[in-house]
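> Build me a structure from this.
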Amino acid sequence: MCGKSMWRKTILAVAGCIGFMPPAAAFAQLPSPYGSPSSAEERPAKSRVTGARAILQPPEDLPSPTPPSAGNAKQARPPDSVGSYERSTAFQKALEHEAPPAEGAAEPTEGAEGGEGGGSSDLAAKFTSPTALLTSYQFVTQYNPIVEGTRAHSVQFLFRPVLPIPKSDWIPLPQIIRITAPVLSSIEIPGGSIPGGFGDVQLFDLFVLPLGKKLTVGAGPVAIFPTASSQFTGQGHYQIGPAFVTLYTGIPKWQLGFLVQDLLSIGDSNQPSVHQMIYQLIMTRHFERGWYMGLCGAPATVNWNTEKAQFPAGVALGRVFTVWKQPVNFSVTPTYYVGATDFQSRLQVQFNFSMIYGK
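This is a model prediction of the structure:
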């Protein structure tokens, strides 16, 4: 027996040296799964059981394996698996609309989409500004209960699209194009009537130049085309001239400025020549929830050839709000005209409904 035991130890030693299995000394250095007791008396009772029962039933005092911590688990994953896990988690959150906001992004506020609160007020400030790059389609109805020189009333409709053009490499300044197309009703006068129809179309092209955060100016050409269907609804001349606008917003919630146009008729016509100045004072006060109030939107007219003028005096009250997520504007403007002559409006009530696009 001693010889067989010696031969077995010799074979194990040689096999460990050539790499097939560790030597007996290596087995002695391996940690025991049941701790490191030095003697058989220190081992648990069940460790003395021989046979398969000793393998299948570990001692009761064996410490249960503890799961790795979250930090260790993350470090234990290979780099590729970590990236895949994070990407899959972010994708899942995006699908569930739980993606965190971008760094520095503002929290959404009530009315941020033009419904209520600050969003409507900001949009209203842009709508009432003649220098704002905001697309709108305005439908204006002007009811004239008192027409000078008659006992009748009249109605005038205006379609006014406002189209901004951003700056480009060819034109370094943004532009605002405004077109006004009028339609006039007939007016009953003693012994007959003045026929209605289409009026003269006006084209306004303004180049906008900001001079800081509180002052904006603009200039450009303005033209009137003789598109009237009769001599009673138009002036019968091509007219062209310059336009100039300035807007100051240094006072909170206020817009102050003016818009001036000077038009001179060109070409031959059966009607008298025209040289007129059209100007409009801008004084608008904005409130919460899209409300605003200001001077009437109708301009004053001075005819240099006839030396006659017509000055409006009125107050506009309006609001910008949303209808089925569509920003719109509605305003009412009663106006009294000083210096009105025959067949011109003395008292007028204007209703403005506009559809607004952009921000």
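
> Tell me which other helices or strands the strand or helix carrying Ala125 touches.
Assessed by DSSP states H and E, Ala125 sits inside helix 118-127. Counting contacts by 3 or more C-beta pairs under 8 Å, 6 or more residues apart in numbering; DSSP states H and E, helix 118-127 is packed against strand 275-286, strand 291-295, strand 308-323, strand 326-338, strand 345-357. Heads up, the C-betas are built off the backbone N, CA and C, glycines and all.

> Can you lay out those strands as a markdown table showing distance to Leu123, mean pLDDT and mean neighbour count?
Shown next, in a markdown table, are the helices and strands packed on helix 118-127 (distance: least, C-beta to C-beta, whole Å; pLDDT from 0 to 100; neighbours: other C-beta atoms under 10 Å):
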| stretch | distance to Leu123 | mean pLDDT | mean neighbour count |
| --- | --- | --- | --- |
| strand 275-286 | 10 | 94 | 17 |
| strand 291-295 | 11 | 94 | 18 |
| strand 308-323 | 5 | 93 | 17 |
| strand 326-338 | 6 | 95 | 18 |
| strand 345-357 | 7 | 94 | 18 |
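
> Dump those to CSV, plus distance to Leu259.
Output for the helices and strands packed on helix 118-127, formatted as CSV (distance: least, C-beta to C-beta, whole Å):
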stretch, distance to Leu259
strand 275-286, 5
strand 291-295, 12
strand 308-323, 13
strand 326-338, 16
strand 345-357, 16
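
> before we move on, the earlier item: which neighbours in the sheet does the very next helix or strand once past the helix holding Ala125 have, and how are they oriented?
Using DSSP H and E, the next helix or strand after helix 118-127 towards the C-terminus is strand 135-147. Using DSSP bridges, strand 135-147 pairs in its sheet with strand 154-165 (antiparallel), strand 345-357 (antiparallel).

> Is it possible to get a markdown table of the ones you listed that adds distance to Asp200?
Output for those, formatted as a markdown table (distance: least, C-beta to C-beta, whole Å):
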| stretch | distance to Asp200 |
| --- | --- |
| strand 154-165 | 12 |
| strand 345-357 | 17 |
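
> Looking at the helices and strands packed on helix 118-127, which is nearest to Leu263?
The closest of these to Leu263 is strand 275-286. By C-beta to C-beta, the value is 5.5 Å.

> what angle do that closest one and helix 118-127 make?
170 degrees (axes from the mean of the first three to the mean of the last three C-alpha atoms, to 10 degrees).

> how about strand 275-286 as CSV, C-alpha atoms only?
Only the C-alpha atoms of strand 275-286 are listed here, as CSV (Å, rounded to 0.1, in the frame of the first residue of the first chain):
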residue,chain,number,x,y,z
HIS,A,275,-50.0,113.3,-54.4
GLN,A,276,-50.9,112.0,-51.0
MET,A,277,-49.3,111.1,-47.7
ILE,A,278,-50.7,108.2,-45.7
TYR,A,279,-49.4,107.9,-42.1
GLN,A,280,-50.4,105.9,-39.1
LEU,A,281,-49.5,106.4,-35.4
ILE,A,282,-48.6,103.2,-33.5
MET,A,283,-49.5,103.1,-29.8
THR,A,284,-50.4,99.7,-28.5
ARG,A,285,-50.6,98.4,-24.9
HIS,A,286,-50.5,94.6,-24.4
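
> other SSEs contacting it?
Counting by 3+ C-beta pairs under 8 Å, 6+ apart, the packing neighbours recorded for strand 275-286 are helix 118-127, strand 254-266, strand 291-295, strand 300-303.

> most packed of those?
Burial of the helices and strands packed on strand 275-286 is given as mean neighbour count (mean count of other C-beta atoms under 10 Å); helix 118-127 ranks first at a mean of 20.

> Can you say which of the helices and strands packed on helix 118-127 is nearest to Gly149?
Of the helices and strands packed on helix 118-127, nearest to Gly149 by C-beta to C-beta is strand 345-357, at 9.3 Å.

> contacting residues around the residue nearest to Ile266 when sequence neighbours are not counted?
Sequence neighbours aside, Tyr238 is the residue nearest to Ile266 in space, at 5.2 Å (criterion: C-beta to C-beta, 6 or more residues apart in numbering). Residues in contact with Tyr238, defined by C-beta atoms under 8 Å, 6 or more residues apart in numbering, are Ala223, Ile224, Phe225, Pro226, Ser265, Ile266, Gly267.

> Out of the strands paired with strand 135-147, flag the one nearest Thr233.
Set against Thr233 and scored by C-beta to C-beta, the strands paired with strand 135-147 come closest in strand 154-165, at 9.5 Å.

> Pull the residues that contact the closest one.
So strand 154-165 is in contact with 132-144, 147, 171, 174-187, 196, 199, 345, 358, going by C-beta under 8 Å, 6+ apart.

> One more pass at 7 Å, please.
Residues outside strand 154-165 that contact it (C-beta atoms under 7 Å, 6 or more residues apart in numbering): 133-144, 147, 174-185, 187.

> What's the first helix or strand after it?
The first helix or strand that comes after strand 154-165 along the chain, using DSSP H and E, is strand 175-184.

> Specify the angle between that following strand and strand 154-165 in degrees.
Interaxial angle, strand 175-184 versus strand 154-165 (the same axes, to 10 degrees): 160 degrees.

> No further queries at this time; thank you.
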